[in-house]
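**Student:** Got a sequence here, can you build the structure:
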Amino acid sequence: MKIHQSFFSKLLLCLFLLCGGAVVSVQAGYLYVLNDNTAGNNIYGFSVNEKTGELTQLANFPVSTGFNGGGSTNLEMIAVDNVNKRLYAINRGSSNISAYSIDAATGALTALPFSPITGIANERSVKVHPTGSPLIVAGDAVASFLITPTSATPAAGSPFAVGTGVSPGGATLSRDGNYFYTGGNTGNFFAGFSVDAASGVLTALAGSPFDTGGATPYPTATDASGRLFVVPSRLATTRVYTTSAGIPTAVTGSPFANGLTGITAEGEIHPNGNFFLLADRTNSRIGVYQINGSGAATTLTAISGSPYATGGTLSLTLVFNRTGNFLFTANATSRNITTFTVDSVTGALSNPVVLPANTAGTTGTLNGIAYANFTSSAVSVSGKVFSPEGNAIPRAIVTVSNNNGLVATAKTNTFGNYSFANLPGGVSYTFQVTAKGYSFAPQTLSVTNDLTDLNFTAQP
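**Tutor:** I've put the predicted structure just below:
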């Protein structure tokens, strides 16, 4: 439902007056899932209430990619580039990748000029470099594409062979984007590559492919210290590696028992770096594990209460929101999403909210989930409102807005002071003041750091 702008502004104003001028900041995220279907792929989009975790389906969704899915269960067939506001979705049955721009204000998708990108056989995973280029797709081989606003060009030598004994089922990039790892479909090996972001060229790491000694090793996550988490999907263990120049070395005590009895799927590191979460797709549960120690002394231990039931069926893939206070799980065959509240201190999951079955289609499987949030570092803005004579004006209303749909209002106190907190930084804002008997010129400026003296003086 679309709310008229004037009504929305009045509602915000009423809330502020009731709250005695408390500051409201508006932050929005978007959640996307891919319904992989041999009859045609569809992308479903939801807005995320960052305070409650509530999901609301976006207008004009689902979006048909116009191409076909592969009809099999995979994990990472959709990815978001938060830097350049783009989304990519694999169409495995058509051996290509759909590419879209994301409207930051509405979450709407618009096909990019180079969409679709011609892909490779049996595509199963798509990853985006932290800068937005290259785009890396894993299938029977690994393809790398240099991305610009108007083009997607295969890197020299692409696609790249993964090596004997490796069959990509999933993949992960190091946090800095310098290394790419893939495997997990069959065999005991996974491959590792260095990534040249400028050229998009992938070069096999020394010793690659790497023998884990366990079946179907799926490299699923990395952390800020360079540790690599690998899940042998048909064994109840998780393998942890340190890396040096990208080359993995198993930590002492690895592999660690994870207590999951089914076939495991995707894993993610909590944004605070203290917990590893893993999907048990067979039993539709999420395992949560405390990460302790560092380097070779790293350990992984299930927290009390783990694993947690999702309430859906075939829970394959998961993603956190920006701050990590919510976890979203895509349930492949019930075609819905489960939202958990996450305790960032203990790692515990609570208050599961399960969308109705078939929320994201009546056929097909949900083969990927991605979260988008274009909020940069938060900034604060404060100042005073004066009369032409230089006297403070109490109870004046200061409104801030931007082109991304943010609207917030503050009321000056007895001394004419106002303040806004938690505004996304690096964004252009328009500030306007309303006070009975006075008129003010609006101010528009880009806010990259905290401001404490954005003052307004009424026109004489």
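**Student:** Pick out the residue closest to the middle of the chain.
**Tutor:** With distances taken as C-alpha atoms, centre = their mean, Tyr371 lies nearest the centre of the chain, 3.2 Å away.
**Student:** can you tell me how far it sits from Ala138?
**Tutor:** 21 Å (C-beta to C-beta, to the nearest Å). Every C-beta, even on glycine, is put in place using the N, C-alpha and C of the backbone.
**Student:** just to revisit the earlier point, can you confirm the residue nearest to the centre of the chain is in a strand?
**Tutor:** Yes: membership of Tyr371 in a strand is supported by DSSP: H, G, I helix; E, B strand; the rest coil.
**Student:** Does it touch Leu318 like I think?
**Tutor:** No: judged on C-beta atoms under 8 Å, Tyr371 makes no contact with Leu318 at a distance of 10.1 Å.
**Student:** The residue nearest to the centre of the chain and Gly132, how far apart?
**Tutor:** Taking C-beta to C-beta, one finds Tyr371 at 16 Å from Gly132.
**Student:** Which parts of the chain are helices?
**Tutor:** For the chain, the helices defined by DSSP state H occupy 5-18.
**Student:** How is the protein divided into domains?
**Tutor:** Domain ranges of the chain: 5-25+377-457, 29-372, per automatic domain parsing.
**Student:** Just put those in a markdown table and tack on mean pLDDT.
**Tutor:** Converted to a markdown table, those look like this (pLDDT from 0 to 100):
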| stretch | mean pLDDT |
| --- | --- |
| domain 5-25+377-457 | 76 |
| domain 29-372 | 94 |
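**Student:** Show me which of the ones you listed has the highest average neighbour count.
**Tutor:** Comparing the domains of the chain by mean neighbour count (mean count of other C-beta atoms under 10 Å), domain 29-372 comes out on top with a mean of 20.
**Student:** distance between the ends of that domain?
**Tutor:** This stretch, domain 29-372, spans 6 Å end to end (C-alpha to C-alpha, to the nearest Å).
**Student:** For that domain, what is the distance to the chain centroid?
**Tutor:** Its chain's C-alpha centre and that of domain 29-372 lie 10 Å apart, by C-alpha atoms, centre = their mean, to the nearest Å.
**Student:** going forward can the numbers begin at 10, since that is how I track them
**Tutor:** Okay, using 10 as the starting number, the last item reads as domain 38-381.
**Student:** what's the spacing between the residue of the chain most remote from its centre and Gln441?
**Tutor:** The centre of the chain is farthest from one residue, Glu398, which by C-alpha atoms, centre = their mean lies 50.5 Å away. Per C-beta to C-beta, Glu398 is found 21 Å from Gln441.
**Student:** what do you get for Pro433?
**Tutor:** Taking C-beta to C-beta, one finds Pro433 at 18 Å from Gln441.
**Student:** on that earlier part again, which residues are in contact with each of Tyr380 and Leu327?
**Tutor:** Among the neighbours of Tyr380, those also in contact with Leu327 (C-beta atoms under 8 Å, 6 or more residues apart in numbering) are Phe337.
**Student:** got a list of contacts for stretch 294-312?
**Tutor:** The contact list for stretch 294-312 (C-beta under 8 Å, 6+ apart) reads 232, 234, 236, 247, 249, 251, 258, 260-262, 265, 267-269, 271, 273, 278, 282-289, 314-319, 324, 327, 336, 338, 349, 355-358.
**Student:** What's the end-to-end length of that stretch?
**Tutor:** 14 Å.
**Student:** residues touching Gly174, list them.
**Tutor:** Neighbour list for Gly174: 196-198, 218, 220 [criterion: C-beta under 8 Å, 6+ apart].
**Student:** Report the beta-bridge partners for Ala161.
**Tutor:** Beta bridges link Ala161 to Ile156, judged by DSSP bridges.
**Student:** My guess is it contacts Val146. True?
**Tutor:** No: Ala161 is beyond contact range of Val146, at 10.6 Å (criterion: C-beta under 8 Å).
**Student:** from memory Thr270 sits against Asn292, does it?
**Tutor:** Yes: if you go by C-beta under 8 Å, Thr270 and Asn292 touch, sitting 6.6 Å apart.
**Student:** so Ser410 bridges to which residues?
**Tutor:** Val416, Thr439.
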